[in-house]
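S.K.: What follows is a predicted protein model with its sequence.
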Amino acid sequence: MAHRKARSGNAFLLVSLLPAVLILGGFVLLFFWGFYQSLTDMRFGRTRVDFEGLGNYTRLFGRGRFWDSVSATAIYAFSAVACEAILGLAIAKLFNTRALLARWFRPTILLPLVLPPLSVALMWTTMMNPETGVLNYFLSFIGISNFSWTSKSETAMFAVVFIDVWTFTPFFALIIFAGLRGIAPEIIEGARMSGAKAWGIFWRIELPMVLPYILLASLFRLIDSLNQFDIIFGTTQGGPGNATDVLSVSAYFTAFQNLYFGRGAAIMIVNWLIVLISAIVLVKLWQFTRKRVI
């Protein structure tokens, strides 16, 4: 009887896992299909598809604009994640106090996260309009007039990073706040009784103990930022010029506007490799910090 129950339980578990396995298998098949496309000269309207090997990749690596896209992707992703980590840590520290501002701020912290990224992009594009945007109206009070935001290549990257930081800093804040709440009060109290000041407690106790949480949040956000499309496409579409022409946007225009599917797939494979290497480095750092804390 017990054997039958165990078999029925295993069968139920397998059936429950089947949808997830099928979805994962679908993603794996799509990845290999995209990799195959990157090795061909596949283009819309052509019935014949020739195998080119690494031809698409050699053409990409020989183009200056491709390396500009790699640079823009790295600047966007690492700048956004660094700013979000610092601001998220500051907000988490605020939440870990009994300050009145913390009580007012907590109910609204999730608002940017629940908004669709494309809607966020359109909202900020309206507010960043150099002539009618509300942001320039407020900047005029401190003597800054007609700030370009997304309309000039010198400020466009700053603008899209600013939008990303506004949107995803709460993600960092919540994860770091959970880490701060997990620190035993006895440790903090013992440090205070030993004469440690607030800055010393933060630098020597709190920061090392929440560093794994910061790296974990950075891992998820870096993966997303290196693949970011909605915010950039909704605000600048990779412009002005190629100032914000990150790899995901470049791949979109190459594949779906210029209709070079093979070249577009090659760009995304390179983007995937950058994401993979960055994720491996962050995972190694996370494992190292976890061992030091434990």
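M.R.: Nice, I can see it. Bear in mind the structure is a predicted one, so any value in this text is a computation, not a measurement. Numbering: from 1, shown residues only.
S.K.: For this protein, give the helix that spans the most residues.
M.R.: helix 2-38 (DSSP state H).
S.K.: on contacts alone, who are the packing partners of that helix?
M.R.: With contacts taken as 3 or more C-beta pairs under 8 Å, 6 or more residues apart in numbering; DSSP states H and E, helix 2-38 sits against helix 261-293. Heads up, the C-betas are built off the backbone N, CA and C, glycines and all.
S.K.: angle of the helix it packs on against helix 2-38?
M.R.: Counting by axes from the mean of the first three to the mean of the last three C-alpha atoms, to 10 degrees, helix 261-293 lies at 130 degrees to helix 2-38.
S.K.: Report the angle between the helix or strand hosting residue 165 and helix 261-293.
M.R.: Per DSSP states H and E, residue 165 falls inside helix 153-181. Helix 153-181 and helix 261-293 meet at an angle of 40 degrees, taking the same axes, to 10 degrees as the criterion.
S.K.: tell me which residues of helix 153-181 are tucked away?
M.R.: Buried residues in helix 153-181, counted by 16 or more other C-beta atoms under 10 Å: 155-165, 167-177, 179-180.
S.K.: Measure how far it is from the centre of its chain, please.
M.R.: Helix 153-181 sits 9 Å away from the centroid of its parent chain (C-alpha atoms, centre = their mean, to the nearest Å).
S.K.: Stretch 110-126 now?
M.R.: Worked out by C-alpha atoms, centre = their mean, stretch 110-126 lies 15 Å from the chain centre.
S.K.: With stretch 283-291 instead?
M.R.: Stretch 283-291 sits 20 Å away from the centroid of its parent chain (C-alpha atoms, centre = their mean).
S.K.: CA atoms of that stretch as PDB?
M.R.: Output in PDB follows, covering the C-alpha atoms of stretch 283-291 (Å, rounded to 0.1, in the frame of the first residue of the first chain):
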ATOM      1  CA  VAL A 283      28.500  34.500  -8.700                       C
ATOM      2  CA  LYS A 284      32.100  33.800  -7.800                       C
ATOM      3  CA  LEU A 285      32.200  37.100  -5.800                       C
ATOM      4  CA  TRP A 286      28.900  36.200  -4.100                       C
ATOM      5  CA  GLN A 287      30.300  32.800  -3.100                       C
ATOM      6  CA  PHE A 288      33.500  34.400  -1.700                       C
ATOM      7  CA  THR A 289      31.600  36.900   0.400                       C
ATOM      8  CA  ARG A 290      29.200  34.200   1.600                       C
ATOM      9  CA  LYS A 291      32.100  32.200   2.900                       C
END
